[in-house]
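**Student:** Got a predicted structure plus its sequence, pasted below:
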Amino acid sequence: MRSIWNGAISFGLVSIPIKLVNATENHSISFRQIHLEDGGRIRYRKVCELEEKEVPGAEIGKGYEEADGSIIPITEDDLSQLPIPTARTIEIVAFVPADRIDPLQMDTAYYLSANGVPAAKPYTLLREALKRSQKVAIAKFALRGRERLGMLRVVDDVIAMHGLLWPDEIRAPEDVAPDTQVTVRDAELDLADALMDTLGEVDLDSLHDDYRDAVEEMIAAKASGGGTEETPSAPAAEGGGKVIDLMAALESSVRAAKEARGASGDEGEDVAEVTHLASRSRTPEKRAPAKKTTTAKKSEPAKKSTAAKKSTAKKTASTPKKQAASAKKSTSTATTKKTTAKKTAPRKRASA
């Protein structure tokens, strides 16, 4: 792939020499304008309005048209002297989560190729840092005479850059949504969900441009001198003023999607089933009667707790009586000991 721009990525104090390569290509079939009378090609010629003659490319420059129609010439030297720090540099200014980028801002995609052996190490460092952080880099760069905004991310083992539109270049979606209040029922949403599930997913690599194939076949047939077969055209879209039965259209779409899946050999895959809300059974379910044994078991702990409370109260009430009785016994015991001591004392003196 041929590079269209050479420069460097500015990553802090690290400079990574790179080449810019287009990441996409246009496969559309282009046509030439011809004169219907004789088939001659119609060409655009650049003519000077003052001299009314064709001017070669070497004599064509740039100019800015004022509101009054006067032209201010702008030379390449004027543009090259402008203070643009990103003239040959992709300057990274921030790292943000990828979901912060609005897809509306996405523009042309490029691949960034390391330019030379010394660039391989810092290039790989930036690539792996982007992978580990799961973020994208926001950068500013200059290309084709204007400064642009870009987003750097990793694709396989390559750093890719998407040109981004400036925020003020995105139009606000004013007066685009329906201006009437519409209520969507749950039944309609259920059918829409069923249709989405039935259609399922798709491998994007399996999609191709059928119109381009048809055009190529038609051109090949004309070139070989043969005629072209007429193919039935798709039905024209009806006017937006016609009221349609949305539920019937959704149900028909679900059936058609199921038939298409079956015809393509996907009978074994799970497909969504449509449940009509009107046919649902509304008979309330009978609950099983509560078992008596459960009630009896639950009441036993209550009785035990009540009996326990009564026994505790009795013990508490009898405690003061027992304390009083023990106090009397201890008093009588002390009196008996004193009396005994008095009687034994004279006998000891006599024996001495």
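**Tutor:** Nice, I can see it.

**Student:** quick one: W166 and L149 touch, right?
**Tutor:** Yes - the pair W166 / L149 is scored as a contact, 5.8 Å apart, by Cβ atoms under 8 Å. Backbone N, C-alpha and C define where each C-beta goes, glycine included.

**Student:** The two - which one has more neighbours?
**Tutor:** Each of W166 and L149 has its neighbours counted (other Cβ atoms under 10 Å); L149 has more, 18 against 10.

**Student:** Give the closest residue to the more buried one in space, chain neighbours not counted.
**Tutor:** Leaving aside its sequence neighbours, L149 sits nearest to L164 (Cβ to Cβ, 6 or more residues apart in numbering; 4.2 Å).

**Student:** Likewise for V47?
**Tutor:** Nearest one to V47, counting by Cβ to Cβ, 6+ apart, is E54 at 5.4 Å.

**Student:** May I see the buried residues of stretch 34-49?
**Tutor:** Within stretch 34-49, no residue is scored as buried using 16 or more other Cβ atoms under 10 Å.

**Student:** pLDDT of that stretch, averaged?
**Tutor:** For stretch 34-49, mean pLDDT rounds to 93.

**Student:** Quote the end-to-end distance of it.
**Tutor:** Stretch 34-49 has an end-to-end distance of 25 Å (Cα to Cα, to the nearest Å).

**Student:** got it, and stretch 52-60?
**Tutor:** Stretch 52-60 has an end-to-end distance of 14 Å (Cα to Cα).

**Student:** List of residues touching it?
**Tutor:** Here stretch 52-60 makes contact (Cβ atoms under 8 Å, 6 or more residues apart in numbering) with R45, K46, V47, C48.

**Student:** Reformat those into a markdown table and put secondary structure next to each item.
**Tutor:** As requested, the contacts of stretch 52-60 are exported to a markdown table (DSSP: H, G, I helix; E, B strand; the rest coil):
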| residue | secondary structure |
| --- | --- |
| R45 | coil |
| K46 | coil |
| V47 | strand |
| C48 | strand |
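
**Student:** mind checking pLDDT for the residue nearest to V47?
**Tutor:** We note a pLDDT of 94 for E54 in this prediction.

**Student:** try the one 4 residues further on
**Tutor:** Listed pLDDT for A58 reads 92.

**Student:** rewinding a little: for L13, state which of the contacts of stretch 52-60 is nearest.
**Tutor:** K46 (46.9 Å; Cβ to Cβ).

**Student:** Give me the neighbour count for the closest residue to that closest one other than its chain neighbours.
**Tutor:** Excluding its sequence neighbours, the residue lying closest to K46 (Cβ to Cβ, 6+ apart) is V55, at 5.4 Å. Around V55 there are 12 other residues, counting by other Cβ under 10 Å.

**Student:** where does V55 fall, phi/psi-wise?
**Tutor:** The phi/psi pair for V55 (degrees, to the nearest 10) reads phi -120, psi 130.

**Student:** quick thing: my sequence starts at 55, can you match it?
**Tutor:** New numbering, starting at 55: the last item is V109.

**Student:** any idea how far it is from E271?
**Tutor:** For V109, the distance to E271 (Cβ to Cβ, to the nearest Å) stands at 42 Å.

**Student:** now do I138
**Tutor:** 49 Å.

**Student:** With G280 instead?
**Tutor:** With distances defined as Cβ to Cβ, the gap from G280 to E271 amounts to 11 Å.

**Student:** Name the residue in the two with the higher neighbour count.
**Tutor:** Using other Cβ under 10 Å as the criterion, G280 and E271 rank with E271 on top: 12 against 9.

**Student:** what about the more buried one, which SS state?
**Tutor:** Classification of E271 using three-state DSSP returns helix.

**Student:** Show the pLDDT at it.
**Tutor:** Predicted confidence (pLDDT) for E271: 89.

**Student:** What of A62?
**Tutor:** 92.

**Student:** how about it, what does it touch?
**Tutor:** Contacts of A62 by Cβ under 8 Å, 6+ apart are S69, I70, P71, I72, R142, T143, I144.
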